[in-house]
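Trainee: Structure, please.
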Amino acid sequence: MSVTFKTLAAALLLGGSAVAIAANDGQARVNELLSADPQYRETWTKVVKKEERLPEWVMNLSGDAEQMNAVEEDGDKYLVGPLCETKPTCLTKRLMVAFSFDKKDAYAMLIEVPAGLPADKSPTRHADYRFLGKPDQGMQDLLMEQLKKDPNWY
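Mentor: Next up is the predicted model:
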């Protein structure tokens, strides 16, 4: 009974969004956000509309995604998670995405590593990083920290 009340209270506090409730359970995924809530789509559109030469999967947040996590940065809460163009190309083409809990701000870091990089070469030393949404240094650090949590990223 107590769990149901807490879930209901959380839903009311977060605006009743099914995605927000799912996020608390670690179930939200980047590739589901734009279809789950128009506010996510509106915010993401503002982030990418002035960017040049972004791949289609980044523009649409489509591709292969893992569960997102709730993370705090400078007192604000964000839903953060990875998105890959495809599972097989995840090491060479990925996006780390952060949406504020109120869905009004979004930031991302596009990571591209040259395809065919030998296994003995560190992807971190050969990657190109491109930030979207004009993140401040704290948000850039948060996105980088999330990337470093990947055991295949060295």
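Trainee: What residues sit buried inside the one helix or strand Arg130 maps to?
Mentor: Per DSSP states H and E, Arg130 falls inside strand 128-132. Along strand 128-132, these residues count as buried under the neighbour rule (16 or more other Cβ atoms under 10 Å): 131-132. For every residue, glycine as well, the C-beta is placed using N, CA and C.
Trainee: Name the strands paired with it and say parallel or antiparallel.
Mentor: Using DSSP bridges, the strands paired with strand 128-132 are strand 106-112 (antiparallel).
Trainee: what's the next secondary structure element after the partner strand?
Mentor: Using DSSP H and E, the first helix or strand after strand 106-112 is helix 123-126.
Trainee: and after the strand holding Arg130, which helix or strand comes next?
Mentor: Next element after strand 128-132 (DSSP H and E): helix 137-148.
Trainee: For that following helix, name the packing helices and strands.
Mentor: For helix 137-148, the packing partners by 3 or more Cβ pairs under 8 Å, 6 or more residues apart in numbering; DSSP states H and E come out as strand 69-73, strand 76-84, strand 93-100, strand 106-112, strand 128-132.
Trainee: Other residues contacting the strand holding Arg130?
Mentor: Strand 128-132 is contacted from outside by 47-48, 51, 54, 58, 107-113, 140, 143-144, using Cβ atoms under 8 Å, 6 or more residues apart in numbering.
Trainee: Distance check, the most centrally placed residue in the chain against Trp57.
Mentor: Closest residue to the average C-alpha location of the chain: Val97 at 2.1 Å, with Cα atoms, centre = their mean. Val97 sits 12 Å away from Trp57 when distances are taken as Cβ to Cβ, to the nearest Å.
Trainee: joint contacts of the two?
Mentor: Leu83.
Trainee: Relative to Leu142, how far out is the closest residue to Tyr154 other than its chain neighbours?
Mentor: What sits nearest to Tyr154 in space, not counting adjacent residues and going by Cβ to Cβ, 6 or more residues apart in numbering, is Ser122, at 5.6 Å. Ser122 is 22 Å from Leu142, where distance means Cβ to Cβ.
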